[in-house]
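**Student:** Build the 3D model from these lines:
(one chain, ligands or ions: 1)
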Amino acid sequence: MKLRVFDNEELVARALGERIASAVRQRPNIVLGLPTGRTPIATYAELRRLHLEQGLSFARASTFNLDEFVGLHGRHPGSFRFFMQRHLFDTVDLAPERIHFLDGMAADLDVECERYERDIAALGGIDLQVLGIGSNGHIGFNEPAEELVANTHHVELHEGTRRDNAAQFGGDPARVPREALSMGMGTILRAGALILVATGERKARCIERTVRGPVTTRLPASFLQMHRAVEVYLDRPAASLLAVE
Ligand code: GLP
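**Tutor:** The predicted structure follows:
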């Protein structure tokens, strides 16, 4: 894993925005995998800035988001689709038909998960997958468990994860859906390149275990060690338990 540590969150967003922008410039029809959460918000703002000020264009790019809550419409303010519209899709020139999302309202959720895998494969796979990390080491919504499901699947969320996601639901964990759809660790590991981003001291322990610890389903992020092109973007607090400069 290639570690990149920055003094603060703002510098992480700058560097990661530039990293994504250069991948898009190099390959305008790139297939991007995208995360939600508080962490990537500043990076999405940076992409918007590069779009407005430097003419960075996403017009030929395609995107696949990692996950979505079950039972929420894309226009529900708690949905990840709504989050992405607000923080990225409405602010750059992505073509709506090239934005791909899991539909948490699908009549048959298993069929929906298979559809997503097919759509990813049809575009030749994800070129660059950006990832956040949950404080329990989840990636997308792949929660720590005895076993992990490789492909896109239907998941039950842990209580801690629902608490961590409460901000989008007026701060009330009880309003956070109990289920979600998520790319599997296999879906994620099939991407050409992976970038994990984490900021803040709250992530220090799971980052240390992700980078240095054994590969275990108890920490889904540890599976990233098995991919040959992983970059990890951290601020100092998130890197505080790693002995790196
Ligand atoms: C959610 C998402 C994850 C994300 C995590 C971390 O659980 N499903 O993909 O990585 O939140 O969020 P934050 O960046 O707010 O810590």
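
**Student:** Now stretch 159-179: buried residues?
**Tutor:** T161, R162, R163, D164, N165, A166, Q168, F169, V176, P177 (16 or more other CB atoms under 10 Å). Placement of C-beta: from N, CA and C, glycine included.

**Student:** go on, stretch 152-160?
**Tutor:** T152, H153, H154, V155, L157, H158.

**Student:** And for the residue most central in space within the chain, nearest residue in space, chain neighbours not counted?
**Tutor:** Closest to where the C-alpha atoms of the chain average out (CA atoms, centre = their mean) is P35, at 2.2 Å. With CB to CB, 6 or more residues apart in numbering as the criterion, P35 has its nearest non-adjacent residue at 4.4 Å, and that residue is G132.

**Student:** just to revisit the earlier point, how about CSV for the buried residues of stretch 152-160, with distance to the ligand, pLDDT and secondary structure added?
**Tutor:** Listed next are those as CSV, based on distance: CB to the nearest ligand atom, whole Å; pLDDT from 0 to 100; DSSP: H, G, I helix; E, B strand; the rest coil:
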residue, distance to the ligand, pLDDT, secondary structure
T152, 13, 98, coil
H153, 14, 98, strand
H154, 14, 97, strand
V155, 10, 96, strand
L157, 8, 95, coil
H158, 10, 92, coil
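
**Student:** farthest-separated two in these?
**Tutor:** For the buried residues of stretch 152-160, the maximum inter-member distance is 18.8 Å, found between T152 and H158 (CB to CB).

**Student:** Would you state the strands of this protein in chain order?
**Tutor:** Along the chain, counting by DSSP state E, strands occupy 2-6, 31-34, 62-65, 67-69, 99-100, 128-131, 153-156, 179-182, 193-198, 230-235.

**Student:** what sits up against the shortest one?
**Tutor:** By CB atoms under 8 Å, 6 or more residues apart in numbering, the surrounding residues in contact with strand 99-100 are S62, T63, F64, N65, M84, F89, Y116, D119, I120.

**Student:** so what strands line up beside it?
**Tutor:** Partners of strand 99-100 in the sheet, by DSSP bridges, are strand 62-65 (parallel).

**Student:** is the ligand contacted by the strand it pairs with?
**Tutor:** No - against the ligand, strand 62-65 shows no contacts by CB under 6 Å from any ligand atom, the least distance being 9.0 Å.

**Student:** what residues are up against T39?
**Tutor:** Here T39 is in contact with G132, V197, A198, T199 (CB under 8 Å, 6+ apart).

**Student:** Alright, calling it a day.
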